[in-house]
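Asker: my questions concern the predicted model and sequence given below.
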Amino acid sequence: MITKLDEKKYFHLLADKVCEIATRPVKLMEVCGTHTMAIGKAGIRGVLPPEVELISGPGCPVCVTADSDIDAFMRLAEDERVILATYGDMVRVPGTKGSLAELKAQGADVRVVYSALEALAFARSETAREVVFLGVGFETTAPATAHAIKTASKEGLSNFSIYNLHKTVPEPLRVLAADETTKIDGFILPGHVSVIIGEYPYYFLAEEFGAAGAIAGFEPPEVMATILKLVKDINADAPTISNLYRRVVRPEGNVVAQRLLDEIFVQADAEWRGLGAIPDSGLAIRQRYESFDVARKFNIERQSVKLHPGCRCGDILKGIIKPHQCSLFSKRCTPENPVGPCMVSSEGTCAAYYLYQESSLV
Amino acid sequence: MCLAVPSKVVSVDEKHFTAEVDVLGNTKKVGIVLIPGVHIGDWILVHAGQAISIVSDEEANASLAVWEEILRDYQA
Ligand code: SF4
């Protein structure tokens, strides 16, 4: 067993080594919002040498939800026929007419759930209403939604459907790797997405773009070991994709989950806040299960809107600016009164910077 | 939202594809359809009510070795 003492010791040994070998500027992106939080909490930016810059990527599913989707599910929640169930983070996201939490206070039936199966249970017991699960998240979360759809189909439930926002991680990484303005040398790859998809879907980063990548765990020394590995690979001009989270990530990923995803979903274009439409970056519900797709069932239209002109969430998700460069950060926009989704989610970059006061460090 | 929590399996209900896990002293029911072959006593990673991975014992203890290796051979 690794003790807390070991962790502390190795964290510092690894950090010292990063300082020793970092001789030229490198730009690393932590893709996943949970890593952004872990990095903030462990104060990692404060101990890294100035040559190593960490930028936060688009890996917070709430933050990348398009404005048009936010408004569309808000309208859905106003529909009296509907019970809208979703994860806690989604209810505070501000839309044109406030957030789901505000709608709930005004009487809309919005329920916070921990899993898609809880929403399914509502559908079983409240048959006169349509239970819509707001399915949001990457490959980590999508299997749970897929399982709920499959179960509902088996049971023949006709009052259960999904507002489907599921997205996949490799495609936006392709967009970011190809972007000349951000020029990322290495990627700290998301540990829990990788549990599902494995190592192979990232190989293109090294092969096509010459970027290094390493799948990372979430403990401070695990993140630091990943940073060291990336800096080493970049120094040696030998970009590879490595897996430093082997205790839960197998090279091939979770094949059962992949099969389930493939059975229920098909890759489709998706709209990302800040990044725009990205080909094949979404998981659309297959035709066979289309009766569980609320967009088809209720004929939902997404109208193009721009919710908060001052919010620069999009530039933050691309790593172009840091939160303190947004003029609203920590003034108009705080976790208590968020203006944009990057401040709402507990994994949002703006929320992480606010919480750990990193604006003073960068 | 993407945080997955390691939990220890205390019982398995194969018929309903569920297991009871212990998370810091609290018992919780989770789905196990994504991890066939799970046993009582295994550590699993749970996300949004579904277990997504069985934690590998061998690899769990290998972290120190991995860190040592990265530290040692830094010119790679
Ligand atoms: S600080 Fe608030 S307004 Fe500014 S980019 Fe972040 S979420 Fe948007």
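Answerer: Noted; the coordinates are in hand. Just so it is clear, the model here is predicted, and its values are computed rather than measured.

Asker: what about the one residue in chain B that gets nearest to chain A, neighbour count?
Answerer: Taking C-beta to the nearest C-beta, chain A has its nearest neighbour within chain B at B:Gly49, 2.7 Å off. (Glycine included, C-beta is placed from N, CA and C.) Using other C-beta atoms under 10 Å in any protein chain shown, B:Gly49 has 19 neighbouring residues.

Asker: list the contacts of the closest residue in space to it that isn't next to it in sequence.
Answerer: Among residues not flanking B:Gly49 along the chain, A:Ser115 sits closest, at 2.7 Å (C-beta to C-beta, 6 or more residues apart in numbering or on different chains). Going by C-beta atoms under 8 Å, 6 or more residues apart in numbering or on different chains, A:Ser115 touches A:Ala144, B:Gly31, B:Ala48, B:Gly49, B:Gln50.

Asker: from those, list the ones also adjacent to the ligand.
Answerer: Among the contacts of A:Ser115, no residue sits close to the ligand (C-beta under 6 Å from any ligand atom).

Asker: ok, these vs the ligand, which is closest?
Answerer: When the contacts of A:Ser115 are ranked by distance to the ligand (C-beta to the nearest ligand atom), B:Ala48 comes first, at 24.2 Å.

Asker: helix, strand, or coil at the spatially most central residue of chain B?
Answerer: Centroid check for chain B by C-alpha atoms, centre = their mean gives B:Ile44 as the closest residue, at 2.3 Å. Put simply, B:Ile44 is strand when judged by DSSP: H, G, I helix; E, B strand; the rest coil.

Asker: longest helix in chain B, by residue count?
Answerer: helix B:63-72 (DSSP state H).

Asker: other SSEs contacting it?
Answerer: Other elements packing on helix B:63-72 under the criterion 3 or more C-beta pairs under 8 Å, 6 or more residues apart in numbering or on different chains; DSSP states H and E are helix A:4-21, helix A:220-235.

Asker: buried residues in the biggest strand by length in chain B?
Answerer: In chain B, taking DSSP state E as the definition, the longest strand is strand B:5-13. Going by neighbour count (16 or more other C-beta atoms under 10 Å in any protein chain shown), the buried part of strand B:5-13 is B:Ser7, B:Val9, B:Val12.

Asker: can I get these in TSV with distance to chain A and pLDDT?
Answerer: Shown next, in TSV, are those (distance: C-beta to the nearest C-beta, whole Å; pLDDT from 0 to 100):
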residue	distance to chain A	pLDDT
B:Ser7	12	86
B:Val9	15	94
B:Val12	16	95
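
Asker: and chain A, what are its domain boundaries?
Answerer: When chain A is parsed with automatic domain parsing, its domains come out as A:1-303, A:313-354.

Asker: hang on, the earlier thing: same for the longest strand of chain B, what does it pack against?
Answerer: Using 3+ C-beta pairs under 8 Å, 6+ apart: strand B:5-13 touches strand B:18-23, strand B:26-31, strand B:43-47.

Asker: do you know how far the closest residue to chain B within the stretch 1-150 of chain A is from A:Pro143?
Answerer: The minimum distance from the stretch 1-150 of chain A to chain B, using C-beta to the nearest C-beta, falls at A:Ser115 (2.7 Å). A:Ser115 sits at a distance of 11 Å from A:Pro143 (criterion: C-beta to C-beta, to the nearest Å).

Asker: which neighbours do the two share?
Answerer: By C-beta under 8 Å, 6+ apart, the residues touching both A:Ser115 and A:Pro143 are B:Gln50.

Asker: could you list the low-pLDDT ranges of chain A?
Answerer: A:1, A:358-362 (pLDDT under 70).
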